[in-house]
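Asker: I need the structure of the sequence given here:
(chains A and B)
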Number of protein chains: 2
Amino acid sequence: MTSRIYNFSSGPAVLPMPVLERARDELLCLPGVGVSALEISHRSPWFEGVLADTEQELRRLVGIPDNYKVLFLQGGARLQFSMIPINILRGTNKPADYVVTGSWGTMAQGEAKREGTVRTAYSSKATNFDRLPAKAELDLDPNAAYVHVTSNETIQGVQYASDPEAGSAPLVCDSSSDFLHRPVDISKYGLLYACAQKNLGPAGVTIVIIRDDLLARSDKNLPSMLNYQAYAAEKSMQNTPPVFAIYIVNLVLKWLRNDMGGLEKMLDHNRRKAKLLYDVIDSSGGFYRGHAQPAVRSLMNVTFRLPDDAAQDRFLKGAEAIGLEYLKGHRSVGGMRASIYNAMPVAGVEKLRDYMRDFAKKG
Amino acid sequence: MTSRIYNFSSGPAVLPMPVLERARDELLCLPGVGVSALEISHRSPWFEGVLADTEQELRRLVGIPDNYKVLFLQGGARLQFSMIPINILRGTNKPADYVVTGSWGTMAQGEAKREGTVRTAYSSKATNFDRLPAKAELDLDPNAAYVHVTSNETIQGVQYASDPEAGSAPLVCDSSSDFLHRPVDISKYGLLYACAQKNLGPAGVTIVIIRDDLLARSDKNLPSMLNYQAYAAEKSMQNTPPVFAIYIVNLVLKWLRNDMGGLEKMLDHNRRKAKLLYDVIDSSGGFYRGHAQPAVRSLMNVTFRLPDDAAQDRFLKGAEAIGLEYLKGHRSVGGMRASIYNAMPVAGVEKLRDYMRDFAKKG
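Answerer: The predicted structure is shown next:
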């Protein structure tokens, strides 16, 4: 059998080994059930239990207040880019404010423009999205239907270190690439959403946490599959949900609580991992140059460039030769991107750190 | 370890054992790749290969002409109920004709009504959806944007035995619950769609086969995730597709070709399996009463009632005691439903047949 490599992909991304092992052990036959999680009815008591338990685990882990619904959807964050304005902008006669701090925020705003009036409350495009706004830099409309932010931009590697502050309008946050990497105060958000394939599970399921007053905005005549109220009314079971993906999310949440000790400890762990790499960058005498401004560096995606393309090619080849893979950065930023989500083991980050140190010495 | 039971669920439904075994064997680490299919990047050479190969397998197995695109989407058939009228009805100034032969057709029509002018070309609601229309019974509008049919109604167990004929407008077919159970002449369809969780794989991926002239109807300003043209342009990779679900579909397609010998042989196999159960119903002297009229009985979902509720409860309990599970019919039809999709082994159907015979004797 091939041995496992270290997977620094920005997503879909590395999952915890205990989760994969459990999924493997049960793949032919769930204990006491007699069928695989890949083939079981969503109306079975087993899955109804898994779905309810997944919501409860999430509510407990994050501390989700009772006036918020938790929805499980398909279509990724990209579908939310449209569903959000379709559900909570349409019919308000208000604009939506977008704080654009990277590629995903840009795309979210682009989809929203098809659905209503959209403003740019801030954009760091001029500096290729290397920074976040100070509060005074935000051009907010106090009458906005909502303010949209992206808590972590995977391509640029910029991240809010705490819950974003964005004025009086309801805060809507794309937390796809950093949800569950730290504690979050949900009461500060009107809506928070995340696709699973970074910190939560495999691609194919998306979680939306929405406050009841925003949920009430959905037009009842929307297509069922685009209607937050319909998902809430049917507890995410108006059609067949992605059963297997939700089962894996359930296992990941249990791993977070039982093996990792919850979100406070997860944050400590993530800070330690990210520091290993940023310290190498900062002590390399300019050999490695980080993309994000130091104050807003992401704990999830460490983006950096080498002196030139030839060095970058050698870096990638050498890394792959020792099992450090998917390190190539997005073309819009160039260079490298080491994605070190919750499930990336410290050993993987240490191996990359050692490789980076050695590579910088040899040139 | 619990032993596997026979899973007669209408969907998600039983998958082939060789597929499950392969998925289990590779779950921690894809050979030569070093990560799990649950955590690999959709931009990896491995997945780009799987996606292209899945489309090629499907094109070869079904015989899909070059003027059709194959799209992989999320959201199940239910999202297609809306996406179809949004993409190919809007802007045509024409009505859409719906041939309503069961619960799913009813729901498809209901969603379409939100998007445009919708006609009922036929409905068998008056007889609780136990039949299909003769050609003369169809009230078709020759100017319709399309005619929608449901090739198999899982709840009622009525099925078209061959490609439906429905006049001159483009034929749109929900084939969610019987796609790949027999050969299909794709050239007779404008659009054919199927969610995976019956004959194709796990819940979480939906396949749309669309002819180029219908694809051309999509308004370019639709939300990207609802726009067939956007999926076609990006080869289903405009966002992260459900990687693991598509990988399982790939394995199922290879099983269909290599282990089952293709669609002609699959159909023979399915006919033999269904006959085992319908013969018991027909020779039970009225103890079992089929729901569907004999000429339109489904090869996928065998629906039947017992003399009374008490007998039905005893039947279900006795079946579960010997590992025949998920046989309870939908409440709108009552009685039993034995779903015997492609992957249900003959041994499972034989065991159910024997149980039905014995139960009818004992009363």
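Asker: kindly indicate whether A:Tyr193 is helix, strand or coil.
Answerer: strand (DSSP: H, G, I helix; E, B strand; the rest coil).
Asker: which strands or helices does the biggest helix by length in chain A pack on?
Answerer: Counting by DSSP state H, the longest helix found in chain A is helix A:263-282. Judged by 3 or more Cβ pairs under 8 Å, 6 or more residues apart in numbering or on different chains; DSSP states H and E, the packing partners of helix A:263-282 are strand A:289-290, strand A:301-305, helix A:346-362. C-betas here are computed from N, CA, C, even on glycine.
Asker: mind putting the ones you listed into a markdown table with distance to A:Ala319?
Answerer: Converted to a markdown table, these look like this (distance: least, Cβ to Cβ, whole Å):
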| stretch | distance to A:Ala319 |
| --- | --- |
| strand A:289-290 | 18 |
| strand A:301-305 | 13 |
| helix A:346-362 | 6 |
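Asker: hmm, who's touching the longest helix of chain A?
Answerer: Contact with helix A:263-282 is made by A:61-62, A:180-184, A:256, A:260, A:288-290, A:294, A:297-300, A:302, A:304, A:338, A:340, A:342, A:344, A:346, A:349-350, A:352-353, A:356-357, A:360, as judged by Cβ atoms under 8 Å, 6 or more residues apart in numbering or on different chains.
Asker: picking that back up, of the helices and strands packed on helix A:263-282, flag the one that's most buried.
Answerer: Most buried of the helices and strands packed on helix A:263-282, by mean neighbour count (mean count of other Cβ atoms under 10 Å in any protein chain shown): strand A:301-305, with a mean of 27.
Asker: would you list the strands that it pairs with, along with their directions?
Answerer: strand A:289-290 (antiparallel), strand A:336-339 (antiparallel) (DSSP bridges).
Asker: is it possible to get a markdown table of these that adds mean pLDDT?
Answerer: Compiled in a markdown table, those are given as follows (pLDDT from 0 to 100):
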| stretch | mean pLDDT |
| --- | --- |
| strand A:289-290 | 97 |
| strand A:336-339 | 98 |
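Asker: looking at those strands, which is closest to A:Trp104?
Answerer: Proximity to A:Trp104 (Cβ to Cβ) singles out strand A:336-339 among those, at 13.9 Å.
Asker: ok, residues contacting that closest one?
Answerer: Outside strand A:336-339, the residues that touch it by Cβ under 8 Å, 6+ apart are A:8-11, A:13, A:154-155, A:157, A:198, A:277, A:300-306, A:312, A:315-316, A:326-330, A:349, A:352.
Asker: tell me if I'm right that A:Tyr68 and A:Asp212 touch.
Answerer: Yes. A:Tyr68 lies in contact with A:Asp212 (Cβ atoms under 8 Å); the separation is 7.2 Å.
Asker: ok, the one helix or strand A:Leu316 maps to near chain B or not?
Answerer: A:Leu316 belongs to helix A:309-321 when elements are defined using DSSP states H and E. No. Figure legend: helix A:309-321 not in contact with chain B (Cβ under 8 Å from any Cβ of the partner chain); closest approach 10.1 Å.
Asker: now the angle from that helix to helix A:346-362?
Answerer: Calculated by axes from the mean of the first three to the mean of the last three Cα atoms, to 10 degrees, helix A:309-321 forms an angle of 140 degrees with helix A:346-362.
Asker: A:Ala23: which of the helices and strands packed on helix A:263-282 is closest?
Answerer: A:Ala23 sits nearest to helix A:346-362 of all the helices and strands packed on helix A:263-282, at 20.2 Å, using Cβ to Cβ.
Asker: export that closest one as CSV, just CAs?
Answerer: Taking Å, rounded to 0.1, in the frame of the first residue of the first chain, the C-alpha atoms of helix A:346-362 are listed here in CSV:
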residue,chain,number,x,y,z
VAL,A,346,2.0,19.1,13.6
ALA,A,347,4.4,16.5,12.2
GLY,A,348,3.5,17.6,8.7
VAL,A,349,4.1,21.3,9.5
GLU,A,350,7.4,20.5,11.2
LYS,A,351,8.5,18.5,8.2
LEU,A,352,7.7,21.4,5.9
ARG,A,353,9.4,23.9,8.3
ASP,A,354,12.6,21.8,8.2
TYR,A,355,12.4,21.5,4.5
MET,A,356,11.9,25.3,4.1
ARG,A,357,14.9,26.0,6.4
ASP,A,358,17.2,23.6,4.5
PHE,A,359,16.0,24.9,1.1
ALA,A,360,16.7,28.5,2.1
LYS,A,361,20.2,27.6,3.2
LYS,A,362,21.0,25.7,0.0
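Asker: quick one: which of the helices and strands packed on helix A:263-282 is nearest A:Ala203?
Answerer: Once those are compared by Cβ to Cβ, strand A:301-305 is nearest, at 17.1 Å.
Asker: show me which residues of the stretch 51-200 of chain A are close to chain B?
Answerer: Residues of the stretch 51-200 of chain A lying near chain B (Cβ under 8 Å from any Cβ): A:74-79, A:81-82, A:86, A:111, A:114-115, A:195, A:197.
Asker: scan those residues and report the most crowded one.
Answerer: Most neighbours among these, by other Cβ atoms under 10 Å in any protein chain shown: A:Gln197, with 32 neighbours.
Asker: what helix or strand is that one located in?
Answerer: With DSSP H and E as the test, A:Gln197 turns up in no helix or strand.
Asker: ramachandran coordinates for it?
Answerer: The phi/psi pair for A:Gln197 (degrees, to the nearest 10) reads phi -80, psi 20.
Asker: any idea how far it is from A:Ile207?
Answerer: Relative to A:Ile207, A:Gln197 is positioned 12 Å away (Cβ to Cβ, to the nearest Å).
Asker: same question for A:Gly261.
Answerer: A:Gly261 is 21 Å from A:Ile207, by Cβ to Cβ.
Asker: these two: which has the busier surroundings?
Answerer: Per other Cβ under 10 Å, whichever of A:Gly261 and A:Ile207 has more neighbours is A:Ile207, with 26 against 12.
Asker: so A:Pro294 versus B:Asn250, what's the distance?
Answerer: A:Pro294 is 44 Å from B:Asn250, where distance means Cβ to Cβ.
Asker: so which of these two has more stuff around it?
Answerer: The neighbour count for A:Pro294 versus B:Asn250, taken as other Cβ under 10 Å, is higher for B:Asn250 (22 against 9).
Asker: contacts only, for that one.
Answerer: Contacts of B:Asn250 (Cβ under 8 Å, 6+ apart): B:50, B:53-54, B:57.
Asker: again, but for A:Val296
Answerer: Taking Cβ under 8 Å, 6+ apart, we find A:Val296 in contact with A:131-132, A:158-161.
Asker: nearest to A:Leu30, of the strands paired with strand A:301-305?
Answerer: Ranking these by proximity to A:Leu30 (Cβ to Cβ) places strand A:336-339 first, at 31.2 Å.
Asker: any buried residues in that closest one, and which?
Answerer: By neighbour count on 16 or more other Cβ atoms under 10 Å in any protein chain shown, the buried set for strand A:336-339 is A:336-339.
Asker: among the residues you listed, which one sits closest to chain B?
Answerer: A:Ser339 (9.7 Å; Cβ to the nearest Cβ).
Asker: how much space is there between that closest one and A:Leu324?
Answerer: Distance of A:Ser339 to A:Leu324, computed by Cβ to Cβ: 12 Å.
Asker: with A:Phe304 instead?
Answerer: 14 Å.
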